[in-house]
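Asks: Got a sequence here, can you build the structure:
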Amino acid sequence: QVQLVESGGGLVQAGGSLRLSCAASIRTFSRYAMGWFRQAPGKEREFVAAMSWSGGSTYYADSVKGRFTISRDNAKKRVYLQMNSLKPEDTAVYYCAAVSEKRVGYFEGDYWGQGTQVTVSS
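Replies: Numbers count the residues shown, from 1 in each chain. Purely as a prediction, here's the structure:
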């Protein structure tokens with residue numbers, strides 16, 4: 001059984017930082033690419049960032065490049081999203097996912113966490 005549990009969300013002022021964490025109970029965690037997605041109210045869920053199983057490759061949505069950093073610790077079975085210079089438009093529920101790369105730079109989630117709310121005030 002696969003379980004992904006996010007933590008670290010909250011309320012922050014614009015320009016601030018948050019670090020999201022995702023704890024995975026996947027036996028073969030180190031074989032999975034991992035990613036973060038987000039869904040704002042009234043909008044579709046969108047890709048934020050992904051990292052290959054080895055950590056050697058990273059991918060980011062244009063809207064977060066230079067501000068967000070994805071990382072992983074395979075020994076701890078955790079994936080992180082460091083979010084800096086947050087903007088009100090970053091407000092969303094953020095989801096951790098074990099992902100498959102359908103084509104270069106395009107990821108779809110195979111397993112999903114329950115999400116954690118991030119709210120950025122102006």
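Asks: Give me the nearest residue to residue 81, chain neighbours excluded.
Replies: Leaving aside its sequence neighbours, residue 81 sits nearest to residue 20 (C-beta to C-beta, 6 or more residues apart in numbering; 4.2 Å). The C-beta positions use only the backbone N, C-alpha and C, and glycine is treated the same way.
Asks: Now do the same for that neighbour: helix, strand or coil?
Replies: Here residue 20 is recorded as strand under DSSP: H, G, I helix; E, B strand; the rest coil.
Asks: Can you get me a residue count around it?
Replies: Counted by other C-beta atoms under 10 Å, the residues lying close to residue 20 total 24.
Asks: That one: what's it in contact with?
Replies: Residues in contact with residue 20 (C-beta atoms under 8 Å, 6 or more residues apart in numbering) are 6-9, 36, 80-81, 83, 94, 96, 116, 118.
Asks: ChimeraX command to pick out the buried ones of those residues?
Replies: Remark: buried members of those, expressed as a ChimeraX selection using 16 or more other C-beta atoms under 10 Å:
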select :6,8,9,36,80,81,83,94,96,116,118
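Asks: name the helices or strands packed onto the one helix or strand residue 93 maps to?
Replies: Using DSSP states H and E, residue 93 falls within strand 92-103. Contacts defined by 3 or more C-beta pairs under 8 Å, 6 or more residues apart in numbering; DSSP states H and E place strand 92-103 against strand 3-7, strand 18-25, strand 33-39, strand 46-51, strand 106-112, strand 116-121.
Asks: As JSON lines, the contacts of residue 20 with distance to residue 51 would be great.
Replies: Shown next, in JSON lines, are those (distance: C-beta to C-beta, whole Å):
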{"residue": "6", "distance to residue 51": "15"}
{"residue": "7", "distance to residue 51": "18"}
{"residue": "8", "distance to residue 51": "17"}
{"residue": "9", "distance to residue 51": "19"}
{"residue": "36", "distance to residue 51": "9"}
{"residue": "80", "distance to residue 51": "10"}
{"residue": "81", "distance to residue 51": "10"}
{"residue": "83", "distance to residue 51": "15"}
{"residue": "94", "distance to residue 51": "15"}
{"residue": "96", "distance to residue 51": "11"}
{"residue": "116", "distance to residue 51": "18"}
{"residue": "118", "distance to residue 51": "19"}
